[in-house]
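Q: I need the structure of the sequence given here:
(chains A, B, C and D)
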There are 2 protein chains.
Amino acid sequence: MTIEERLRSRGLRVTDIRRDVLHLLQESDRALSQADVERALPDLADRVTLFRVLHNFEEAGLVHRVIDPQGTSRYATCAPTCSADHHHDMHAHFRCTACDGVFCVTGLEQPAAVVPKGFTVHEVRIELVGRCATCG
Amino acid sequence: MTIEERLRSRGLRVTDIRRDVLHLLQESDRALSQADVERALPDLADRVTLFRVLHNFEEAGLVHRVIDPQGTSRYATCAPTCSADHHHDMHAHFRCTACDGVFCVTGLEQPAAVVPKGFTVHEVRIELVGRCATCG
DNA sequence: ATAATATTTGCAACCGTGTTGCATGAATGA
DNA sequence: TCATTCATGCAACACGGTTGCAAATATTAT
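A: Have a look, this model is predicted:
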């Protein structure tokens, strides 16, 4: 599926900005912050526009968002089968302490959660912290 | 151990602000943001001072910090045996989708992590998401 | 108790991310 | 091609986080 088809399939109009940003996210092996996108594609668009584009992508289920340890949002493309509602419970994230890169990890089984009486668990989020292949 | 002893044992001087803030965190059953502390103890201190007090507590290993889904920091008292370095890998956090409260959960076993070749996992962070006992 | 020292506090000011409103320009469908 | 709907840029603001510096306070030594 081309990038344009991907955008249209989620009801988003095709524009230069959206095409370039989605392409960048697709090529990246890690989750990018808005600042990362601005650095990679300087002068492509106003920062408000970028904010809205990333926001649109997330709402449309094209990307998922993860909060990094500094509290800023990072975005990464979803698997093609992702939808906006339940794409988050399909994988965990790995964060490298050296380069601060965030990677997706699939195939992780969820541990049985033991919570106090009266608590209900709907979702288990897992973050792996360590060093990536590049940083050794 | 009294609050004052607790502060001194970590090399922190005892002041009204530190005593009140640590007491508040100790009494709370959930992790509090700086804004929460300001609301609970209005006019106790300047917001910069509060920021530094919470920062000191974390460095001293008196509290641990967790980033909530909005990307803001929340603080909760550690078990007395916690140190600044390894207090984070002793428990998971539970977040209530209704009241946004963050609670500590202990006794959770860590899942075996499957990561790509070349990756090294040093730590596994787990966040449970659901409804707390109060919110049903 | 007092003075000397080290730390804490408040203030002003700044940065980055996130966010809204509004006017303008561009993509789509008829 | 025209009308409509949506995307974009700009200005402006909210908020959390952060630093530097001078004044106030806690600790230590006299």
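
Q: alpha carbons only for contacts and neighbour counts from here, please
A: Will do.

Q: who's A:Phe94 bridged to?
A: Beta bridges link A:Phe94 to A:Phe103, A:Leu128 when assigned by DSSP bridges.

Q: residues contacting it?
A: A:Phe94 makes contacts with A:102-105, A:127-130, as judged by C-alpha atoms under 8 Å, 6 or more residues apart in numbering or on different chains.

Q: the residue nearest to A:Gln70 when sequence neighbours are not counted: how many residues sit nearby?
A: Sequence neighbours aside, B:Gly71 is the residue nearest to A:Gln70 in space, at 7.5 Å (criterion: C-alpha to C-alpha, 6 or more residues apart in numbering or on different chains). By other C-alpha atoms under 10 Å in any protein chain shown, 16 other residues sit near B:Gly71.

Q: surely B:Gly71 is within a strand?
A: No. Going by DSSP: H, G, I helix; E, B strand; the rest coil, the assignment for B:Gly71 is coil, not a strand.

Q: wouldn't it be in contact with A:Gly71 here?
A: Yes. Between B:Gly71 and A:Gly71 there is a contact under C-alpha atoms under 8 Å: 3.9 Å.

Q: once you drop chain neighbours, what's closest to the residue of chain A found nearest DNA strand D?
A: Going by C-alpha to the nearest atom of the strand, DNA strand D is nearest to A:Ala45 of chain A, at 3.6 Å. Distances taken as C-alpha to C-alpha, 6+ apart place A:Ile17 nearest to A:Ala45, at 6.8 Å, with adjacent residues excluded.

Q: the one you found against A:Arg47, yeah?
A: No. Between A:Ile17 and A:Arg47 there is no contact under C-alpha under 8 Å: 11.4 Å.

Q: how far does the helix or strand bottoming out on mean pLDDT in chain A sit from its chain's centre?
A: Of the helices and strands making up chain A, the lowest-confidence element is strand A:102-105, at a mean of 72, by mean pLDDT, DSSP states H and E. Here the centre of strand A:102-105 is set off from its chain's centre by 9 Å, with C-alpha atoms, centre = their mean, to the nearest Å.

Q: quick check: the residue of chain A closest to DNA strand D touching A:Asp16?
A: No. In this structure, A:Ala45 is not within contact of A:Asp16 by C-alpha under 8 Å, at 9.6 Å.

Q: I am finished for the moment; much appreciated.
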